[in-house]
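Trainee: Pasting a predicted model and its sequence here:
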Amino acid sequence: MVTILDIAKAAGVSHGTVSNVLNGKGNVSSKKMELVLKAAEELGYNLNTNAKVLRSGKSQTIIIILPTFALEEYAAFYESALKEAAARDYQLKVYCTYDNPIKELEIIKEIIKERPSGIITVSSLDDANEYYNQLSIDKSDIIFINRHPRNALEFISFDFKQAGIDIAEYINHFDVNTIGVFTDENKYANENDFISAFLSQVNHKNVVISQSNMAHEYENAFQFIQSTSLDFIITTNVSKAVKVIKAFHYGATNPLPKLISLAPFNNTYSNEILFYFQDYGHMGESVIKKLILSLNLKEKSHSRKYNNIGFLEKNLHDRKYDSQLNILTIKSPTTEALKKIIPHFEKNTNILINLDIKKDYEIFDIIKDDEKWKSYDIIRLDLVGLSWYGQKIYKNLHGLNKSLDRILNNLPYFLKDYYANINDVTYALPFDISTQMLFYRKDLFENDIVKRKNFEKTKTELKIPLNFNSYNEILKFFNESDLDLLKNINGASMITGNSGTIAAEYLLRYYSLKGQLLHDSEIKLIPDIAKNAMKLLRDNYRNSKIIDSNWWGEEVKMFADGKSAMVIGFMNHLSIVSQSNIKDSIGIANVPGDTPLLGGGILGITKTSENITESIEFLNWVNSSEISEQITLLGGNTASYFLSNSFVVQTMYPWLNKAKKNIMNGKRETTFENGQSIDLKQAEEVIGKYILQLVAEELPDYDQYVKKINEELSIKHEYLVAQL
């Protein structure tokens, strides 16, 4: 067994130095820390985190008791709970009861010695006092899931009554005689709620109910399907649905009837089962988070009912078309995802899609030409172009279609203002909405050697930068560091390929200093703030890896490849980060100054389109829950999934929750307070043109650059501001 003395000898340092390093104590130099940790790794020594827990006197263990991992819903619950607990330095220990009350009582006796912080249980017992009478932990820290035994203080569940109502209403649209319902035992609250609600809503049809515990599920499935002829079958979990399918395969000569099943929300599709989704992943994450945050509170309540996701919108309009839609869009991760699933739309509607993919500046050139844009039915336009070009090219969407109106009505007002409306008239739908965020290498920022080296060099603690002065200091540290760990790693990179991208970099810093571009009826920079922002950007430029590229993808790729410690990017270009080798080492924060630029794009139907109905069909399709999920899973981003609480998506893109809050601080000045639009695209081109010149100079005259920008904005005022 490796000891601290072995490590001290191998590293050539004292016993006390090793002890301080391994326990995070003492004023140890970065060089000695590096020697100690390298020796510990080579000798195979692992710091005993459990010993830390024992010394602190606090339990860091939460017990989860489940019927079985064979049930997909509880596997999804546990997986997300495990990730959330690990992120908060807690460990989970799981037990399975197989719905055997005797086994569960044995487990309760066994976990007494564990001294857990909390317990989460899907219990097969009738009375919660079996837990309360034997365990010394607070009753509020024992949470019962879905099944509600007598005397249970804390109970969390999905809305099984609503699920029963929704499925009954769905079936009421069909002409059926006999419905089969295959459930767990009725003694459990969730099963009872579902069955009673379903029976109360279904229209006077013959309903056959079969209840089965886990042990006899397979044989009961055969008995269930062979006892009567069924037109519809409903199951309360996917395991039972699979058993029914097998029973029909082996034990029936008639075909499988329509089958509906409650299911955990994940990337699931089946030709045999229509799923009614409940997001167990989100529930697992939420329960663990709330439990850990409230462990030390005297008054707490965990009880709540989670909303169901329900049916995804699988069925397109019954009408079959024989036409083509011409869609103009930009090359982006969302467009690439869309290309992959367009066959789904085409085969279900007979509408062929011609996707014309252009560069950003090419799209604006097309829109400026009064003939070229008229050949398209739908145009994806960048956010900065909506207020200036929207009324020219787009049809008013309000009132065209009820489904479309529902999508628009469900949008938060701040998204409508930026991504849909011009003077309160709706001309577009948000598509790949975006905001800037700071991504950083958490493994580097939390590394003890890196932190110590930074302190030795700067006499400051290495922290996530809250302003751009701190951001630039961190860039210098990473770029000038001689640590082996940081070799070939830049602090960050910067795109300088065109005036539009560099203008966005500049305005981010300008807004972080509380700058403003629009003043009454003028477009201009505030001189003192503008100069300070220029200095910040130039300092950033001199300490970054410069990439001569026109768009953000290369900058994000450098970070995803592990070649930079930080990246500030638009969220809709960051999907590749979730698929990179460093994905588990990524930290997420607001941009310095907490005033990000808004970005991304919108979709609108052109005024001249002769395929209005087909275009509406496409917009409804691309905004449906099912298709939004597929686009997001394939690396894109849609408004629907930006706003959703899907754990599947949040697992892939953990920054989405932060982005939802962050976007409300976002800024892109496209209109004056009186509603007068500006050509922000051209205004940013003016700013960016001079900023590119500035960063290339050795000793720039900042006053002159501010003056040049404001003069040109003033000269071009009549071309940049719409007439009221």
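Mentor: Received, thanks.
Trainee: Does residue 262 belong to a helix, a strand or coil?
Mentor: Taking DSSP: H, G, I helix; E, B strand; the rest coil as the rule, one finds residue 262 in the strand state.
Trainee: What is the neighbour count of it?
Mentor: Residue 262: 25 surrounding residues under other Cβ atoms under 10 Å. Using the backbone N, CA and C atoms, a C-beta is placed for each residue, glycine as well.
Trainee: Pull the contacting residues for it.
Mentor: Going by Cβ atoms under 8 Å, 6 or more residues apart in numbering, residue 262 touches 73, 163, 194, 235-238, 275-276, 278.
Trainee: hey, what's it bridged with?
Mentor: Using DSSP bridges, the bridge partners assigned to residue 262 are residue 276.
Trainee: What pLDDT is listed against it?
Mentor: pLDDT recorded at residue 262 is 96.
Trainee: Wait, residue 224 touches residue 180, no?
Mentor: Yes: the pair residue 224 / residue 180 is scored as a contact, 6.4 Å apart, by Cβ atoms under 8 Å.
Trainee: and for the two, which residues touch both?
Mentor: In contact with both residue 224 and residue 180: 208, 210, using Cβ under 8 Å, 6+ apart.
Trainee: one step back: okay, the contacts of residue 262 in TSV with distance to residue 605, secondary structure and pLDDT next?
Mentor: Below are the contacts of residue 262 laid out as TSV (distance: Cβ to Cβ, whole Å; DSSP: H, G, I helix; E, B strand; the rest coil; pLDDT from 0 to 100):
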residue	distance to residue 605	secondary structure	pLDDT
73	40	helix	92
163	36	helix	97
194	41	helix	97
235	41	strand	97
236	42	coil	96
237	42	coil	94
238	39	helix	93
275	32	strand	93
276	32	strand	94
278	35	strand	94
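Trainee: Buried ones among the residues you listed?
Mentor: Neighbour-count burial (16 or more other Cβ atoms under 10 Å) is assigned, among the contacts of residue 262, to 73, 163, 194, 235-238, 275-276, 278.
Trainee: Mind listing what's buried along the helix or strand containing residue 657?
Mentor: Per DSSP states H and E: residue 657 is located in helix 656-662. The neighbour-count criterion (16+ other Cβ under 10 Å) identifies 656, 659, 662 as the buried residues of helix 656-662.
Trainee: Please save the CA atoms from it in CSV.
Mentor: Presented in CSV, the C-alpha positions along helix 656-662 are these (Å, rounded to 0.1, in the frame of the first residue of the first chain):
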residue,chain,number,x,y,z
LEU,A,656,-29.3,25.6,-21.7
ASN,A,657,-30.6,26.3,-18.2
LYS,A,658,-28.1,29.1,-17.7
ALA,A,659,-28.8,30.4,-21.2
LYS,A,660,-32.5,30.7,-20.5
LYS,A,661,-31.8,33.1,-17.7
ASN,A,662,-28.9,34.8,-19.4
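Trainee: What's the mean pLDDT across that helix?
Mentor: For helix 656-662, the per-residue pLDDT averages 78.
Trainee: starting at the chain centroid, how far to it?
Mentor: 8 Å (Cα atoms, centre = their mean, to the nearest Å).
Trainee: Which elements pack onto it?
Mentor: Counting contacts by 3 or more Cβ pairs under 8 Å, 6 or more residues apart in numbering; DSSP states H and E, helix 656-662 is packed against strand 434-441, helix 639-643, helix 647-652.
Trainee: what stretches of the stretch 601-724 of the chain score poorly on pLDDT?
Mentor: Within the stretch 601-724 of the chain, the stretches with pLDDT under 70 are 641-651, 723-724.
Trainee: Just the strands from it, written as ranges.
Mentor: Ranges of strands in the stretch 601-724 of the chain, per DSSP state E, counting those that start in this stretch, are 601-605.
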